[in-house]
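**Q** Just the structure for this:
(chains A, B, C and D)
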4 protein chains.
Amino acid sequence: MGDWTVQNPGTIAVAGASGYAGGEILRLLLGHPAYVRGELTIGALTAGGNAGTTLGEHHAHLLPLADRVLTATTIDELAGHDVVFLGLPHGNSAEIANALSDSTVIIDCGADFRLADAAAWEKYYGTAHAGTWPYGLPELPGARERLTGATRIAVPGCYPTAASLAMAPAIAAGIVEPRVNVVAVSGTSGAGKALKPNLLGSEVMGSVSAYGVGGVHRHTPEIRQNLSAFSDAEVTVSFTPVLAPMPRGILATCTAPTTVTADEARAVYEKAYADEPFVHLLPEGRYPTTGSVLGSNAAVIGLTVDTEAGLLVVISAIDNLTKGTAGGAVQSMNLALGFTETDGLSTVGLAP
Amino acid sequence: MGDWTVQNPGTIAVAGASGYAGGEILRLLLGHPAYVRGELTIGALTAGGNAGTTLGEHHAHLLPLADRVLTATTIDELAGHDVVFLGLPHGNSAEIANALSDSTVIIDCGADFRLADAAAWEKYYGTAHAGTWPYGLPELPGARERLTGATRIAVPGCYPTAASLAMAPAIAAGIVEPRVNVVAVSGTSGAGKALKPNLLGSEVMGSVSAYGVGGVHRHTPEIRQNLSAFSDAEVTVSFTPVLAPMPRGILATCTAPTTVTADEARAVYEKAYADEPFVHLLPEGRYPTTGSVLGSNAAVIGLTVDTEAGLLVVISAIDNLTKGTAGGAVQSMNLALGFTETDGLSTVGLAP
Amino acid sequence: MGDWTVQNPGTIAVAGASGYAGGEILRLLLGHPAYVRGELTIGALTAGGNAGTTLGEHHAHLLPLADRVLTATTIDELAGHDVVFLGLPHGNSAEIANALSDSTVIIDCGADFRLADAAAWEKYYGTAHAGTWPYGLPELPGARERLTGATRIAVPGCYPTAASLAMAPAIAAGIVEPRVNVVAVSGTSGAGKALKPNLLGSEVMGSVSAYGVGGVHRHTPEIRQNLSAFSDAEVTVSFTPVLAPMPRGILATCTAPTTVTADEARAVYEKAYADEPFVHLLPEGRYPTTGSVLGSNAAVIGLTVDTEAGLLVVISAIDNLTKGTAGGAVQSMNLALGFTETDGLSTVGLAP
Amino acid sequence: MGDWTVQNPGTIAVAGASGYAGGEILRLLLGHPAYVRGELTIGALTAGGNAGTTLGEHHAHLLPLADRVLTATTIDELAGHDVVFLGLPHGNSAEIANALSDSTVIIDCGADFRLADAAAWEKYYGTAHAGTWPYGLPELPGARERLTGATRIAVPGCYPTAASLAMAPAIAAGIVEPRVNVVAVSGTSGAGKALKPNLLGSEVMGSVSAYGVGGVHRHTPEIRQNLSAFSDAEVTVSFTPVLAPMPRGILATCTAPTTVTADEARAVYEKAYADEPFVHLLPEGRYPTTGSVLGSNAAVIGLTVDTEAGLLVVISAIDNLTKGTAGGAVQSMNLALGFTETDGLSTVGLAP
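**A** Numbers count the residues shown, from 1 in each chain, chains lettered A, B, ... in the order given. Below you'll find the model as predicted:
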């Protein structure tokens, strides 16, 4: 962490500021205590096609920054900042990272540096593998240590965040067979601001749809990687994403074969998450609703065992843009910079 | 089928007319060709606490019947009709059925006569088992024959309709192991008009929630019964319902272990549903959206095989109130009365 | 009306079939009795950029036509049909109309031929005025006669339909001063399938927005024209459209200064709409909800007088795609061809 | 303001904590700097029928208080706190206020002490007039002074907040005739958690409805009072509330006759709100969306003049639960206690 003060503040750039990830990062930074104290300032806000417009035209909710003009996403614009958040399409991060100083903390909300398996990367993304950075999900065993003081961070995908928090304790404790089924319902902001017909409000409202069915969604290998890290055997993952008519939120229904009781499973989760500030385990018989985590960095988990089917059933809820993207990014930034991990992040959602 | 004419029309009563099932039955009857021709008329519309009010106060969309006054749900009110639809809370049907003439066609949208296994009934519903009636899902092998000319019909639950249509062909063809996982996302009308805080618009909008997790939802044994009928081994069913912010629609994501290819699986489904007027199989790589079946009696199915996970993945979409309740009821009525099975039912949805 | 039979059916083309207006026209035609009997058939379905794709890719709800391939919107494709519906961007209709036979019934869902005032057209649309066709709102005094047997029809805009039905009786009866204020809340399909950021589901859900504020919306002169036709003085119209998070529906809140009582006003409306099959006047103290008219061709109206403010307040609800566009178009087609005016149209909505 | 420190903190009680107003007050308090510093603590959380349950059962989003048990709303429970927020049904506040110490700061989110005109109170609420307290809308001329150090505060209604902020500058500057028309679209949380059929998610989603039409809504006299305070003549107010399918937000479309230009009107508003931290005036040609103020205390205003209709048109957007209720309450508390007015409140909304 730099020796930042009000007189000598650290500066933050956000590339892709007109997108949803960029907007959510800015929303969180505006409430971050170091920003409020003046020790962090918001520098360049860059964009692709939206360069030259004001932030207010894209994020009417960020009133304090409404008049800030977006500049083009170039090395020159991003250079010289202490922290750079990247909210860019996949495949753009490596070039930027190579050009910026090694001491710049780069936090990539894209997928480029998430996967360790180059073959999996190439199969799912179709380009050359850029490498692997510390993975910004501090709640996974070992991750927090790798993030502390890191200067390169790969923020997890939103679905992998929900699914990994749901199943990692059971896999790590060996209480399930390594065959995981995930059906995750997501709000539309997970698809970003791409102008696609199926994302129009008229199409989305009143309808749910499955997509990326059969293991073809790019988050499948990421979930598999996260869970296999804690398993002797490779974990097979069946993942089906479902689009629901709401802007934000992911509800992941995760199952795996088990022979333990619900109480035994609960004990495993209570132990795993006892000290985690952002993971909240619901009491027996209660299950999460995404409406309770909107804008919050919390992951809320409910679980039971279906004894007839012989399955552990874990339901997790996160806000895909907060804990699933920008909140995880800020949490990781806090670790990288030496701030308190929870700074600028809340477990209080906006409801109803 | 009665010898009904415009001069001597058959009469239909709807018990529970102020509820969602009752309203949807009436919506469909108003467009039924026999009603339009005057060969069927709508007689008593009954209700519980809403008796004495007009239908228009509860179903503002049924303008032609807006001024009809609801009467109390009693034997006297229902007696003398040729067809009686029951949209009542569970446990009320047996007494009514016993009191009405054997020749009256009674079509029960409640659960009372769905399950053959008395023990399963008692476990999930907590009351004495009333019996078993022909099951109103004509697309299941053998069901159409049992419904033709029947005078007692148990309309399936909405989730079982979606899940059974999705998985029965695979089970019947023996191309999957009998271990089925169903995660089904439903609109809120499936919960009826009960005044519960979690069903308030403020709570529902912007949020998805899991409930009845771990095999405790009452539709679990019904799905199991439907699928086990075509399997040598008892089928285990893991079923997780999810509530989504939309009034109507069910999207069921169903998986079961398989070793066949996607093409082989598709051939099984094409054969199973080749002649079904209401089941629509999507081409490879396309999956259904509930928005396409709103108000329609269609069940739209997409499927593939996840070869890495070794699972057949079948996605089905229905309108829970139409194909999942009232449409299935009218389809069954058509079979019972000898009408063309598709009369009054459409495969055209209301979109967007 | 052509002498059409099953052996010699009339043929219908729809230009702009992949858009919302085109889709809704097809939805209604599929249920039209003349189509069901085989006396009308659906011929060319044309599109702009979507030519070459199947209808099912754009309108998954139109299952019976899912495999129909869209052709390019050209004179050649449209020529030779008996009826041509145009669901095209403004400014495209005149050229097509000039090229097609005079006996072809052309029903234009665009604005090109709605306004009689060339100056108003040029001010609001910025192009040369194409002319004026009979206006497809049969409920306006005199309109039905002009539509009967017509071969060129201009379908009204959705907002003008809602506002004109709400205020024309009062203006025509002279019970209000000719100063009308309209605030109309619309679902998003009114904006069509244009790929604009503000129409994305993520932006629309959970939010309402005003747009076209201050009299600049193009439907303003159309409302003014409709109401002024029945007034000695030019009617001034303040019109504010509001976008709401729902796919369909318009609720127009219309006011004008009055000195009559609520009962006197009600009597005027009861008389005006006594014989109208698609206008439904609610009893005193009840007001419409757009949810009751989804997919229906009904316009539901509630009214009262605010004695303290000295205003007549009329609330009207329509489905913008049905009565507000395609339903009005089919109703006009019925008049043009000599069918029963209500054929293929319903006053039963899809709810909930 | 008490001399509160971490060692000697001020205590806050919330009556009606399981309701939406209570929940939102707690959401804001959890982020209030004085609470974060430990100078304010949250004491009794009381409820009516929900006494004995945990807060987590009603407000799953308030994780830090999930296990707090609600006690009954009694004088004993509320006594001894330094600040008491009342989120109770109308008519309950006077008795509590009389029983608590004069030095207790009581902030009433109900209507009991809003209206100065006893006759208007009795006409609209049907009970005896309880009195008038300083009105918690600091942006109105003179209000801030009355709130500073106050011990009794009447929080405005949500619609009056939106409408008064929209029209007070114009009325006060005399640039409009005192005839105001307000059509305000609201999310459903404004109706509270009452278990009414028309508030069920199934009814609300996909539909907008007008209610309280014709001047009968209870917020009508409150808007009239607020605006008349700055006018020589009594202001007439036509107010139509519209319910929209979203949990939160109000968009008010307000008009009044004017002869000034849009620039002149804008200058009036710029001057009126130049120093207001929570009122944001949009540039010419832009209008607010409620989605930009969710969870924020901002009121966003856009305006123009419709020269043909001769009307000033002002659109305002607020979050009905934040600026419209609990945010206004906390803003007033800050003034009453001598905190910085903006403490714990944000102009950053949660979007998308």
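
**Q** what secondary structure does A:S202 sit in?
**A** helix (DSSP: H, G, I helix; E, B strand; the rest coil).

**Q** confidence score at the closest residue to it other than its chain neighbours?
**A** With CB to CB, 6 or more residues apart in numbering or on different chains as the criterion, A:S202 has its nearest non-adjacent residue at 4.1 Å, and that residue is B:P352. The way it works is simple: take the backbone N, C-alpha and C, and place the C-beta from them, glycine included. On pLDDT, B:P352 comes in at 97.

**Q** show me the contacts for A:P89.
**A** A:G110 (CB atoms under 8 Å, 6 or more residues apart in numbering or on different chains).

**Q** Can you tell me how far it is from A:I223?
**A** 21 Å (CB to CB, to the nearest Å).

**Q** repeat for A:G328
**A** Distance, A:G328 to A:I223, using CB to CB: 15 Å.

**Q** Equivalent analysis for A:Y287, please.
**A** Relative to A:I223, and taking CB to CB, A:Y287 is found at 20 Å.

**Q** same question, A:G215
**A** Taking CB to CB, one finds A:G215 at 10 Å from A:I223.

**Q** shared neighbours of those two, which are they?
**A** A:V237, A:F239.

**Q** Of those two, which one has the most company?
**A** The residue with more neighbours, out of A:G215 and A:I223, is A:I223; 29 against 22, by other CB atoms under 10 Å in any protein chain shown.

**Q** Just give me how far the helix or strand hosting the more buried one sits from the chain centre.
**A** Here A:I223 is covered by helix A:219-228, with elements defined by DSSP states H and E. With CA atoms, centre = their mean, to the nearest Å as the basis, helix A:219-228 stands 14 Å off its chain's centre.

**Q** What helices and strands are in contact with it?
**A** Counting by 3 or more CB pairs under 8 Å, 6 or more residues apart in numbering or on different chains; DSSP states H and E, the packing neighbours recorded for helix A:219-228 are helix A:118-125, helix A:158-173, strand A:179-186, strand A:236-243.

**Q** can you list those in CSV and add mean pLDDT?
**A** Shown next, in CSV, are those (pLDDT from 0 to 100):
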stretch, mean pLDDT
helix A:118-125, 96
helix A:158-173, 98
strand A:179-186, 98
strand A:236-243, 98
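
**Q** Now tabulate the ones you listed in TSV and tack on mean neighbour count and distance to B:G174.
**A** Formatted as TSV, the helices and strands packed on helix A:219-228 follow (neighbours: other CB atoms under 10 Å in any protein chain shown; distance: least, CB to CB, whole Å):
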stretch	mean neighbour count	distance to B:G174
helix A:118-125	16	32
helix A:158-173	27	31
strand A:179-186	27	21
strand A:236-243	26	21
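
**Q** Export those as JSON lines, with columns for distance to chain C.
**A** Listed next are those as JSON lines, based on distance: least, CB to the nearest CB, whole Å:
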{"stretch": "helix A:118-125", "distance to chain C": "24"}
{"stretch": "helix A:158-173", "distance to chain C": "13"}
{"stretch": "strand A:179-186", "distance to chain C": "11"}
{"stretch": "strand A:236-243", "distance to chain C": "9"}
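
**Q** Of all the ones you listed, which one is nearest B:E95?
**A** Evaluated with CB to CB, the helices and strands packed on helix A:219-228 place strand A:179-186 nearest to B:E95, the distance being 40.0 Å.

**Q** Point out the other helices and strands that the closest one packs with.
**A** Identification of packing neighbours for strand A:179-186 by 3+ CB pairs under 8 Å, 6+ apart yields helix A:158-173, helix A:219-228, strand A:236-243, strand A:250-257, strand B:179-186.

**Q** Just the angle for the second one relative to strand A:236-243, thanks.
**A** Translated: helix A:219-228. 130 degrees (axes from the mean of the first three to the mean of the last three CA atoms, to 10 degrees).

**Q** ok, A:N320 - contacts?
**A** By CB under 8 Å, 6+ apart, the contact list for A:N320 reads A:C158, A:Y159, A:A162, A:S186, A:G187, A:S189, A:G190, A:R248, A:G249, A:I250.

**Q** now, which of these sits nearest chain B?
**A** Closest to chain B out of the contacts of A:N320 is A:G249 (6.5 Å), distances taken as CB to the nearest CB.

**Q** related to what we said a few turns ago, so is the residue nearest to A:S202 in a helix, a strand, or just coil?
**A** With three-state DSSP as the criterion, B:P352 reads coil.
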